[in-house]
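Participant: Any chance you could fold what I've pasted below:
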Amino acid sequence: MFKKIISIICSIASLLGVPCGKQHLSNPNASEAAKELYEYICNVYGDYIISGQQESTWVDGEQYEFEYIYEKTGKYPAIRGLDYMNDDFEGVNRRAIEWHEKGGIVTICWHCGSDFSGSWAESMNTDITDWDKALKEGTPEYEKLIAGMDKGAKALLELKEKGIPVLWRPFHEADGQWFWWGKGGHRNFKKLWQLMYERYTEYWELDNLIWVLGLSERGEDYWKWYPGDNYVDIAGADSYIDGPNDSLYKKVKRVVGRKMPICFHECGKIPTVAELHSTKADWVWFMAWHTEYMVDRNNVDDLCAIYNDEYVITLDELPEWK
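Facilitator: Numbering: from 1, shown residues only. Here you go, the predicted model:
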C-alpha cells in the first residue's frame, strides 16, 4: 500500500512540475522518461529496495531466471539486467523493449574487449596498448576507440527513439583492474568514462541514459575511481559475499554521501530484509546475477520471503510510467 502511495505522489508531483526525487540527473537535457524514472528511484531510496535480476539467454530460453523467480515467489523482479556482450545489440534491445512494455525497468552493461567486441573473456584478456594515444583526440588509436564505443551508442539510440530510459552501467568493477577498462589505472579510467559520457550525451544526444557507476567489493580507494558528480547519477558496488554487505554500502557512501542513490548492482545471494534493516544497508536496488548464482545460491524460502516483503518493490508494484 505504501509503495502505491509513493507512486501516486510522484505521479501527481510530476504532473504539477514538482520534482519528487532528491537529485537531478547529470545531463541537463535528460528526457522526461529518464527524469521520471530517476525521480522514482530517488524517492524510494532509503525506504524500499527495488528488485532486479540479470538475464542469461543460453540455459533454458530467454526468460530462464525470470520464470524461475515467478515460479518460486509469484512475483517478477522490477529491473531486468541485460548485456551488450558479443555484439548482441539487436537481441538485447528487443528484450529491453519487451520488458519496458511490461512496465519494467531496464539496465544494461557491456562485457567486451578493448575493441568493444567479444564478451567476458575478451574483457578480461585484452588491454589498451597505449592509453595516452587512445585518449588523445586525433590519433588513430583514439579513432579506433571511438569507433568501437559508437557501436553501443547506435544501439542505445534505438531505445531513445522508443522512449525507453536505461540505467546505463558501463565499465563496471574498474577498480578491481581485471577488466581492460581498469588496467590503465584510475586516472585513465576516469578519462575513459568521461569520454564515453560526453560522446554519448553530447555527440549522440542520448538523453535517455541514467549513468550508473559500479565498483567492486575487492577494490580500495573508491574516491580515486569516481569520475565526478557531473558524470554519475547512481553509484554502487557489487559483492558475491553473502549478507547485506553494509560495509560495502558505507564505502560507497563515503564517496558520494547523500548526493545520489546507492545500488547493490550485482550480487549472488540476495540479502534478506532483516539483514538489510539490522545493518542499515539502504541499497536502492539489488540485482542478482544469472544462472547458478540465482538458482543455486538463493534458498527458495528466503527468495519467496524477500520477493513478497513490503520492503521489496517488484514488477507489479512499479508505477504506470507516463
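Participant: that's a helix at residue 146, yeah?
Facilitator: Yes - counting by DSSP: H, G, I helix; E, B strand; the rest coil, residue 146 is part of a helix.
Participant: Unless I'm misreading it, it sits right up against residue 198, doesn't it?
Facilitator: No - counting by CB atoms under 8 Å, residue 146 stays clear of residue 198, with 11.1 Å between them. In short, each C-beta sits where N, CA and C put it, glycine included.
Participant: The two: which has the busier surroundings?
Facilitator: Each of residue 146 and residue 198 has its neighbours counted (other CB atoms under 10 Å); residue 146 has more, 17 against 13.
Participant: How much space separates that one from residue 134?
Facilitator: Computed as CB to CB, to the nearest Å, the residue 146 to residue 134 distance reads 10 Å.
Participant: Same question for residue 228.
Facilitator: For residue 228 relative to residue 134 (CB to CB), the value is 20 Å.
Participant: what's the answer for residue 322, then?
Facilitator: 41 Å.
Participant: quick one: which of the two has more around it?
Facilitator: Each of residue 322 and residue 134 has its neighbours counted (other CB under 10 Å); residue 134 has more, 22 against 10.
Participant: Surely that one touches residue 145?
Facilitator: Yes - taking contacts as CB under 8 Å, residue 134 lies within contact range of residue 145: 5.0 Å.
Participant: Need the overlap of contacts for those two.
Facilitator: Shared contacts of residue 134 and residue 145 (CB atoms under 8 Å, 6 or more residues apart in numbering): residue 128.
Participant: Would you mark the buried spots in stretch 23-38?
Facilitator: 23, 25-27, 30-31, 33-38 (16 or more other CB atoms under 10 Å).
Participant: And stretch 248-263, by the same measure?
Facilitator: So, applying 16+ other CB under 10 Å, buried residues of stretch 248-263: 248-249, 251-253, 255-256, 260-263.
Participant: Now tell me what touches it from outside.
Facilitator: By CB under 8 Å, 6+ apart, the surrounding residues in contact with stretch 248-263 are 22-23, 41-42, 45, 212, 214-215, 217, 222-223, 226, 229, 232-237, 239, 264, 281-287.
Participant: For it, what is the distance to the chain centroid?
Facilitator: Chain-centre distance of stretch 248-263: 15 Å, with CA atoms, centre = their mean, to the nearest Å.
Participant: Now do it, average pLDDT.
Facilitator: Mean pLDDT, stretch 248-263: 96.
Participant: same question, stretch 83-98
Facilitator: Stretch 83-98 shows a mean pLDDT of 98.
Participant: ok, of the buried residues of stretch 248-263, which one's closest to residue 56?
Facilitator: Closest approach between the buried residues of stretch 248-263 and residue 56, by CB to CB: residue 263, at 20.5 Å.
Participant: quick one, phi/psi of that closest one?
Facilitator: With angles defined as degrees, to the nearest 10, residue 263 sits at phi -110, psi 150.
Participant: how far away is it from residue 126?
Facilitator: 27 Å.
Participant: One more: residue 153?
Facilitator: With distances taken as CB to CB, residue 153 is found 20 Å from residue 126.
Participant: Kindly report the same for residue 233.
Facilitator: In this view, residue 233 and residue 126 are 28 Å apart by CB to CB.
Participant: Tell me which of these two has more neighbours.
Facilitator: Set residue 233 next to residue 126 and count neighbours by other CB under 10 Å: residue 233 wins out with 25 against 17.
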